[in-house]
Structures are given as C-alpha cells and as structure tokens.
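A.B. asks: Attaching a predicted model along with its sequence, questions to come.
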Amino acid sequence: MTNVEGRATAITVLTPVKPAGRVLLPLVFWVGRNATFTLKKLHMLSFIHFARWIVISRFPDGGRGERLHHPYLFFESNFNGLWDQYIDAFSEVVPARMKGIWGTSYGFPGPIPVEPFKQYIRKNEYVANHYWSAYPGATTTEIISAERVAAAIDDLRSRADGLSPEAFKAAYEQMLIDVQGNL
Amino acid sequence: MSHNVSGQAYALSVLTPILDGHADELRAHLEDLEEGAASPLARVPGTHIARWVVIDDVIYQGAGQRKRDTLTPRLLFSSNFDGELGAYLEGLRTGMAGDADAIWSNCRGYPGHADGPAFAAWMHAHVLEAALFFAAYGGMTVDQVNSNLERRRRLLDLVLDGQGLPPADLKARFMEAFPLR
C-alpha cells in the first residue's frame, strides 16, 4: 500500500454527486478546459505533475456500464511534497474552483476552513496499491527548470565551436548568470 | 480533441470490474510487486507516472445522501504517458506481458496479453474520458524530462569542478560533457 514513490505523492478521490451536478459539472469543466485561468492557477501550484477529474455516469463493465443512484466525481493528482501542504495550497490558492468542482458532491464542507476539507478528502480517498514514477527523485519545479537549463546548454553548445577559449568562457559565465535561478 | 490530452501527454484511466472474491488476492499481488526500476511499469515505454488502485466500493456520505450506492469492486489503472493511446496500449501489452495477466486476470472478461487486438479492445471498453486533465509539462516526453535532468546535473558538476580552470580546459570539459545532439 503506497501513495508515495520517491518525491511523488498520489491522491485518488471518488465522491458521489448530487442531481444538480449532472448539469453543473459539465459546465464547470467546460470552463476549466476553455478559459485558461483555471489551468494557469494550477500551474501556479507548482508542485503538481499531473492531475485529472472525471465525471463517471456509468462505471465501465465491458457492456453498457454499471449505473449507480448517483454520478461520481473522480479526482487524482500526482504531486511532490506532503499531503497536508497540498490540501492547504488547494484551499488557499483556488478555493472558488474547489467549490465549483466539489460543491455538487454530497458531504463537501467547502474548501475553507481547511480542516473539515482535509477530513472530507481523507474519508473519500483510496490508497494506491502500486505507484510508479519514471523520475521519482524530481520535483515539478526541477523538471521545468531543467528544461530551461538544457535549452541554454544547447544554445551555447551550438555556438561553442566558433568561439575562442576566452570568448567561450565569457559566454559560459553569462549562461550561468542567465540560468542561475534554475540551477 | 480528446479531453484526455494535454500537449503530447495522455491521461489514461481504465476501470475494470474485479471478479467475485478476487479483490483481496489482487490487492496483495499489487502490493507485492517490485518497486522503482524493477516495477513492471518500468518496461512500458512512455510512462511518466502511473498507479493501480483497488476500489472495493464507493463511500456513503451519511444521511444527507439521497440513496446509498453499492459498487462492484473495480481495479483502477491510471497512467500519464507520451503520445497516442493505441501505441501505448501495445507497449503496455508487450512490455508487461505475463505481469499484465497476473493483474488483470482478476478482472471480468480479461482476454490475456497474447491476443493483441482482444487486449486493446478490452482496455478500450473500460476507458474513462477525463473532464479535465492538467499536465505541468505536457510538452515533454519521459526521455526529454530525464535528458534535461541529466544535463542540468552535469552542468552543476561542471560548475563545481570547473572553477579556476583555464578557458581552454573549461571549454574542453564543456564540449565533452555536452556532445552535439
């Protein structure tokens, strides 16, 4: 039983949705997909690798699907850091969006104050039985920083053949200044 | 475009019914799998981060909930991977081979990995469509992520080791550390 692989942590949550959610959730997620502010806010939560939401009307069974009394809202996230910090950040940075997404789920206490919200997530969370990452030691920030560093290296490397040792040293030091925030 | 896609990243969610009485056995098997580089998922090309979760039932929210639901136990397999679903499922099938059978043979109707089209059709029949998928670096493949991390690490080594080197030696060390791609 593991929700942790290196520095990556898994959350898997499934909650029953009130009748109103059948109408409202498609709208909420349409806005999420098409108005970039929601995704920009998630980028601000710079410790999330990947996250997804799914509205389940029928649970797949190879045929028409198993239909329960309610639709269910599935959420999973892959993030670096501690569970408590993650929920704190969601509650602080994107409370309106959390309310929009989980507001039609039964039992949702609201994102603020954070303690009842944490209890709600814990109650409805499933622990992964096997969890795997291709880069368990890397945080989201490191991955994005490394892309910037690699681009700067490639740029210098493409010019390096034509530079004298002294000119190379100056360009190398300038590159380090340019990427120092990403090292 | 599919809502399962962000950049070149794909969010795969497969939810399959577990055979009666198999949930505990399946859970124990998943928890005994080797981790890290020895995980069967390490043999599935393009996988960034993935998980299996046994979902025994849905959770009742108390008196406020209109009706109580009961769910046939399900196995969730979710993966964040590079590229197209068809190619990924084929990599899942051939990469995991018998390890796939040891897991999904606990689920209803699983045809086995030996029959490629049947394996793909069974997976497709249990795929869920995301309502919203967020990928912080959806433009980067697994290989690019790991290559960038490695280049960043090598630059840090050079910064530490290269202090005080004459310019010609510094340039030679840089060229050696970062051959043209």
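C.D. replies: Okay, I see it.

A.B. asks: Show me what the helix ranked longest in chain B is packed against.
C.D. replies: Across chain B, the longest stretch assigned as helix under DSSP state H is helix B:142-161. Under the contact definition 3 or more CB pairs under 8 Å, 6 or more residues apart in numbering or on different chains; DSSP states H and E, helix B:142-161 sits against helix A:140-160, strand B:47-55, helix B:167-177. Placement of C-beta: from N, CA and C, glycine included.

A.B. asks: middle-most residue in chain A, spatially?
C.D. replies: Nearest residue to the geometric centre of chain A (CA atoms, centre = their mean): residue A:48, 3.3 Å.

A.B. asks: what about that residue, distance to residue A:73?
C.D. replies: 18 Å (CB to CB, to the nearest Å).

A.B. asks: wait, does the helix or strand bottoming out on mean pLDDT in chain A make contact with chain B?
C.D. replies: Every helix and strand of chain A was ranked by mean pLDDT, DSSP states H and E. The lowest is helix A:37-44, at a mean of 80. Yes: interface with chain B: helix A:37-44 contributes A:38, A:39, A:42, A:43 (CB under 8 Å from any CB of the partner chain).

A.B. asks: Within the helices and strands, which one has residue A:122?
C.D. replies: In this structure, residue A:122 is located in helix A:114-123 according to DSSP states H and E.

A.B. asks: Please apply the same query to residue B:87.
C.D. replies: Assigned by DSSP H and E, residue B:87 belongs to helix B:85-96.

A.B. asks: buried ones in whichever helix or strand comes after that helix?
C.D. replies: Downstream of helix B:85-96, the next assigned helix or strand under DSSP H and E is helix B:98-104. Within helix B:98-104, the residues that count as buried by 16 or more other CB atoms under 10 Å in any protein chain shown are B:99, B:100, B:101, B:103, B:104.

A.B. asks: does the last one really touch residue B:16, like I thought?
C.D. replies: Yes: the pair residue B:104 and residue B:16 passes the contact test of CB atoms under 8 Å, sitting 6.7 Å apart.

A.B. asks: tell me, what's touching these two both at once?
C.D. replies: Shared contacts of residue B:104 and residue B:16, defined by CB atoms under 8 Å, 6 or more residues apart in numbering or on different chains, are found at B:75, B:110.

A.B. asks: so where is chain B shaky, pLDDT-wise?
C.D. replies: Confidence mapping of chain B against pLDDT under 70 gives the ranges B:1.

A.B. asks: all strands for chain A, in order.
C.D. replies: Taking DSSP state E as the criterion, chain A carries its strands at A:4-5, A:8-16, A:48-56, A:72-80, A:130-133.

A.B. asks: If you average the pLDDT over the fourth one, what comes out?
C.D. replies: Meaning strand A:72-80. Per-residue pLDDT values over strand A:72-80 give a mean of 97.

A.B. asks: Can I get the helices and strands packed on helix B:142-161 in a markdown table including distance to residue B:155 and mean neighbour count?
C.D. replies: Below are the helices and strands packed on helix B:142-161 laid out as a markdown table (distance: least, CB to CB, whole Å; neighbours: other CB atoms under 10 Å in any protein chain shown):
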| stretch | distance to residue B:155 | mean neighbour count |
| --- | --- | --- |
| helix A:140-160 | 6 | 18 |
| strand B:47-55 | 23 | 24 |
| helix B:167-177 | 8 | 16 |
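
A.B. asks: Tell me which of these sits nearest to residue B:113.
C.D. replies: When the helices and strands packed on helix B:142-161 are compared by CB to CB, strand B:47-55 sits nearest residue B:113, at 15.8 Å.

A.B. asks: Parallel or antiparallel, which strands does the closest one pair with?
C.D. replies: In the sheet, strand B:47-55 lines up against strand A:130-133 (antiparallel), strand B:74-82 (antiparallel) (DSSP bridges).
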